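> okay, sequence plus prediction incoming.
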Amino acid sequence: MKQIIPIASGKGGVGKTTTVVNLGISLARKGKTVILIDLDLGESNLHTALGIKNIKPGLGHFINKRESSFESLVQETGIDKLYLITGDSLFPGAANLPYFQKKKIIKSIKDLTADYILLDIGSGSSYNVVDFFLISPESLIVTIPETTALLNAYSFIKNSLYRLVYLALPPRSEERVFFNNFCTQSIEKGENSLTQLIKTLEGFDKDLGERIHKSMMHFNPHIIFNMSLSDDEKLITDKLINITRKNLDKKINTAAQIPWVNEMRRSSIVMKPYLQLYQDSIYEESINGLSDYIMKNFKFTFS
Ligand SMILES: Nc1ncnc2c1ncn2[C@@H]1O[C@H](COP(=O)(O)OP(=O)(O)O)[C@@H](O)[C@H]1O
Ligand SMILES: [Mg+2]
């Protein structure tokens, strides 16, 4: 039994990789076996954040068929119980992954053995990014209390919901044609267009409507507000939660509010994770709070 947790953000530079690494350490210190996977194709740098030389086979080798066993990509990090699969930086250009390759990677991730598998997913809302995010119903979105990052996080949630609707439609069906036309026509027809779309699809077929509702219920992203400077910023971040509930009919919860810490710069210069470099910090306290939150609230397991 394992838990797979995708971590996305919409916008880059908000602290996804930093959070993945330190969260991995926190879970490992609590006795869990953790594998971190660098799925940020095109911008793989998870190994750097861990201070590991990128010389062993990673995802790029698997994608380019230089390595056939996915499991053999798992390498030690030097931290007890924490393992890593590096990205594609030794074979750049894998960012535009063909569909069958993506399916193969997703299946291989599900076959790994660990307590927790954390996926550091790329920025943006391309299908590759969203499809990796949808591997598991319980996931994390990192954002920061700045308007651009919050809007990108909102768009990411919206695009994921649209993708879920699309995937619920039968391949090569009339409904998929309708979906594509609807999306190209409604660039922002008012913000309730997702609800409108689902209502129309329900009109086509009641069973289909039920399938869509079920898959949307199954989608439970939790938000991490990183680089927080004060408690007041909760008011800004609450806006994301409110607008998601209002426009997308989706209730999301806050998994953690993580403080801005000046010493993070040193952690990235010396390429050593913050939790290894500093003990008993407010940063460590909030990352430990995040790992507790996950252990308590994330229930979905893969066999
Ligand atoms: N809580 C934090 N406080 C201060 N700096 C942070 C914090 N989290 C991340 N950073 C810094 O922000 C930058 C971007 O972080 P990174 O994890 O690479 O983002 P992403 O993976 O989302 O692109 C890095 O320089 C990192 O050291
Ligand atoms: Mg990153």
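Perfect, thanks for sending it. Ligands and ions are numbered 1, 2, ... in the order given.
> tell me the contacts of the closest residue to Ile282 other than its chain neighbours?
Among residues not flanking Ile282 along the chain, Pro259 sits closest, at 5.4 Å (Cβ to Cβ, 6 or more residues apart in numbering). Every residue, glycine included, has its C-beta placed from N, CA and C. Applying Cβ atoms under 8 Å, 6 or more residues apart in numbering, we find Pro259 in contact with 227-229, 282-283, 286.
> what parts of the chain come near ligand 2?
16-17 (Cβ under 5 Å from the ion).
> quick one: the strands in the chain?
Assigned by DSSP state E, the chain shows strands spanning 3-8, 34-39, 75-76, 82-85, 116-121, 138-143, 220-228, 253-259.
> avg pLDDT for the last one?
pLDDT averaged over strand 253-259 equals 96, rounded to a whole number.
> so it versus strand 138-143, what angle?
40 degrees (axes from the mean of the first three to the mean of the last three Cα atoms, to 10 degrees).
> near ligand 1 at all, strand 253-259?
Yes. Counting by Cβ under 6 Å from any ligand atom, ligand 1 has neighbours in strand 253-259: Ile258.
> spit out the contact partners of the nearest residue to Asn288 once chain neighbours are set aside.
Leaving aside its sequence neighbours, Asn288 sits nearest to Ser26 (Cβ to Cβ, 6+ apart; 5.3 Å). Contacts of Ser26 were listed using Cβ under 8 Å, 6+ apart, and they are 275, 284, 287-288, 290-291.
> which other helices and strands contact the longest helix along the chain?
With secondary structure taken from DSSP state H, the chain has its longest helix at helix 147-168. When contacts are defined as 3 or more Cβ pairs under 8 Å, 6 or more residues apart in numbering; DSSP states H and E, helix 147-168 sits against helix 127-133, strand 138-143, helix 174-185, helix 193-204, helix 206-217, strand 220-228, helix 234-248.
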